[in-house]
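Peer 1: Everything below, folded, please.
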Amino acid sequence: MGPSLLLTPMTEADADFVARLAADERVMAHIGDGSTWSPEHTAQRVEHALSSPEISWFIARRQNSPVGLFTATERRHATEIGYWIAPECWGQGLAKAIVSEGLAQLQETGRSAFIARAEASNIASLKVLARYGFIAQAKEGPGLITLTRVLPTVPVPPAS
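Peer 2: Residues are numbered from 1 along each chain as shown. Below is the predicted model:
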């Protein structure tokens, strides 16, 4: 994959990068309803992500260049994760690196239950999520799968 990946909290300075991803049909094909976002909608979503304590967006950087977005949204019983990767960086193992680093950062803050949603046709994403312990739990509508991951508790050694 090359140089290491760094996830940093998104700032207003990253809005143009997020807008570029959100306007790309290839990126958005498996996000939400599959539609690209208008500049206005993107600005609203970025502002909401920056101002809401329940939402954390991180920019994935390699050699100081943005290559992807990792999202974490607090839900009722778990943290929902997601990720977007710039198309010019596809096929470089970034999805695995982004999910690995994102989960590690969330776990450091005490989070232990996670969910993700992926289209059944998005085999690559399903494989990445399975690699990190996500298990398909339910189908939502046509082709959307909800996956969950709960960190195992540390077993208590038997008394001697």
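
Peer 1: Which residue lies nearest the spatial centre of this structure?
Peer 2: Centre of the chain computed as the mean C-alpha position; nearest residue by CA atoms, centre = their mean is Gly82, 2.4 Å away.

Peer 1: For that residue, give me its contacts.
Peer 2: Gly82 sits next to Ile31, Phe70, Thr71, Thr73, Ala116, Arg117 when contact means CB atoms under 8 Å, 6 or more residues apart in numbering. Placement of C-beta: from N, CA and C, glycine included.

Peer 1: One more pass at 7 Å, please.
Peer 2: Gly82 is in contact with Thr71, Ala116, counting by CB atoms under 7 Å, 6 or more residues apart in numbering.

Peer 1: Tell me the pLDDT of it.
Peer 2: Note for Gly82: predicted pLDDT of 96.

Peer 1: Is the nearest residue to Ala60 once chain neighbours are set aside part of a helix or strand, or is it coil?
Peer 2: Spatially, and ignoring its direct neighbours in sequence, Ala60 is nearest to Gly68 (3.8 Å; CB to CB, 6 or more residues apart in numbering). Using DSSP: H, G, I helix; E, B strand; the rest coil, the structure places Gly68 in strand.

Peer 1: pretty sure Gly68 contacts Arg62?
Peer 2: No. At 8.9 Å, Gly68 does not count as touching Arg62 under the criterion of CB atoms under 7 Å.
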